[in-house]
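Colleague: 3D, please:
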Amino acid sequence: MKKLFSLFILCFSILSFAQAKIPFTGKRSFNILEGFGGSGTPAYYVDVKKNGDVHFGYVQVNQADGTETTEDINVGKYHTGVMKVHFKKFNEKWSFKFNKEKIYFTDDAGNIMKSEDCCSVAETESSSCECEGELFQ
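Modeller: Residues are numbered from 1 along each chain as shown. Just a heads-up that it's a prediction; the model follows:
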């Protein structure tokens, strides 16, 4: 019985250390694609629950008729590696990494993507900028 209890404690300890500490709880909005903005642009967010579940979503309001399109996708438990989201309504597939302050578009290996679409107005001379954005409360 003593050995069984010790084995249980060991397994529990390993699982506890394997989980990454969540960087924050609650909803944070972000904008990575600097060149795309306007009255009909989706407002993207990441929402981290207290239990570690991560949700990505957006809200888009059509300025012409006022219709609202939303989507909220649970992408699993938080971890420091690449997280993938597939927004089904617009068939967008993205890979992300994020921390307490920033979010990054990545490739499947976790490398931060570079694109001219990610350049801010101040960086318009550059043909390729890292795809990162600040997380706003």
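Colleague: ranges for the helices of this protein?
Modeller: Per DSSP state H, the chain carries helices over the ranges 2-18.
Colleague: Do you have the strands of it handy? List them.
Modeller: Using DSSP state E, the strands of the chain run over residues 26-30, 43-48, 53-61, 68-77, 83-87, 92-98, 102-105, 114-115, 129-130, 132-134.
Colleague: and the closest residue to Phe30 other than its chain neighbours, how many residues sit next to it?
Modeller: Nearest residue to Phe30 in three dimensions, chain neighbours excluded: Gly133, at 4.4 Å (Cβ to Cβ, 6 or more residues apart in numbering). No exception for glycine: its C-beta is placed from N, CA and C like everyone else's. Using other Cβ atoms under 10 Å, Gly133 has 19 neighbouring residues.
Colleague: swap in Cys131?
Modeller: 21.
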